[in-house]
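Test case, fold it:
(one chain, ligands or ions: 3)
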Amino acid sequence: MALPEKAFPVSWDQFHRDARALAWRLSSANGRWKAIVCITRGGLVPAAVISRELGIRLIETVCVASYHDYTEQGELNILKEITPALLENEGEDILIVDDLTDTGKTAAIVRAMIPKAHFATVYAKPKGRPLVDTFITEVSQDTWIYFPWDLGFSYQKPIAEDHIG
Ligand SMILES: O=P(O)(O)OC[C@H]1O[C@H](OP(=O)(O)OP(=O)(O)O)[C@H](O)[C@@H]1O
Ligand code: HPA
Ligand SMILES: [Mg+2]
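Numbers count the residues shown, from 1 in each chain. Ligands and ions are numbered 1, 2, ... in the order given. Sure, this is the predicted structure:
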């Protein structure tokens with residue numbers, strides 16, 4: 001399994017700040033969205049922050065899984081679809097939220113379900129970027145983003161040790 005070259009670890013504080021920044025960026029169009037559709041599981045966390053900041057209380061999930069083996073993407077599985085009650089007008093009044101877009105495959109599949117919805121992610125990599133309407137931070141394609149819910153405290157080697165020998 002090839003690990004992406006660069007690591008971008010994100011703390012809870014940083015994630016909260018970035019999710020709130022996303023809510024700020026979306027706030028000029030607030031009033032337009034009657035519901036958030038969050039893409040589980042990663043989208044649950046920013047959706048909680050955005051729903052709190054923008055006062056959106058109707059939250060729906062679309063359950064998609066694809067990264068089965070850490071950084072290896074497998075076949076995309078849709079475990080739960082969006083309720084038909086929210087699919088009117090091709091989702092014009094819906095805000096889709098996810099933690100990030102990487103290859104854009106997840107975004108493409110959800111976009112196809114509700115083409116007129118506004119798609120927001122906290123982070124974006126170049127391949128996925130054209131598929132989202134609003135995001136906060138772009139990282140390079142060869143970077144892996146480590147989210148705080150996947151991390152624990154562990155010993156870090158001094159930087160200099162990597163350069164010895
Ligand atoms: O742009 P892509 O290459 O499709 O990758 C992005 C998706 O991958 C991750 O979800 P994952 O399928 O790993 O499930 P999870 O949210 O349950 O961790 C992430 O939360 C995005 O939803
Ligand atoms: O960079 C990433 N980090 C965490 N989960 C992911 N799923 C796709 N890409 C990533
Ligand atoms: Mg996900």
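
since we're on the closest residue to residue 30 other than its chain neighbours, how many residues are nearby?
The shortest distance from residue 30 to any non-neighbouring residue, by C-beta to C-beta, 6 or more residues apart in numbering, is to residue 54 (5.0 Å). Every C-beta, even on glycine, is put in place using the N, C-alpha and C of the backbone. Around residue 54 there are 18 other residues, counting by other C-beta atoms under 10 Å.

Also residue 149?
13.

residues in contact with it?
Shown in contact with residue 149 (C-beta atoms under 8 Å, 6 or more residues apart in numbering): residue 45.

ok so, going back, is it true that the residue nearest to residue 30 touches residue 27?
Yes: between residue 54 and residue 27 there is a contact under C-beta atoms under 8 Å: 6.3 Å.

Tell me which stretches of the chain form helices.
Here the chain has its helices, by DSSP state H, at 12-26, 44-54, 105-113.

Tell me which of these sits nearest to residue 34.
helix 44-54 (11.5 Å; C-beta to C-beta).

Report the buried residues of that closest one.
44-51, 53-54 (16 or more other C-beta atoms under 10 Å).

What is the nearest of those to residue 103?
residue 46 (19.1 Å).

can I assume that closest one is in contact with residue 19?
Yes: under the criterion of C-beta under 8 Å, residue 46 makes contact with residue 19 at 4.2 Å.

shared neighbours, those two?
With C-beta under 8 Å, 6+ apart as the test, residue 46 and residue 19 both reach residue 122.

Need the residue closest to the centroid of the chain.
Taking C-alpha atoms, centre = their mean, the centroid of the chain lies closest to residue 99, which sits 1.8 Å from it.

List the contacts of that one.
Shown in contact with residue 99 (C-beta under 8 Å, 6+ apart): 42-43, 45-46, 121-123, 147.

repeat that for 6 Å
42-43, 46, 122 (C-beta atoms under 6 Å, 6 or more residues apart in numbering).

rewinding a little: want to throw the buried residues of helix 44-54 into a markdown table with distance to residue 88 and pLDDT?
Formatted as a markdown table, these follow (distance: C-beta to C-beta, whole Å; pLDDT from 0 to 100):
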| residue | distance to residue 88 | pLDDT |
| --- | --- | --- |
| 44 | 24 | 98 |
| 45 | 27 | 98 |
| 46 | 25 | 98 |
| 47 | 21 | 98 |
| 48 | 25 | 98 |
| 49 | 26 | 98 |
| 50 | 22 | 98 |
| 51 | 20 | 98 |
| 53 | 25 | 97 |
| 54 | 21 | 97 |
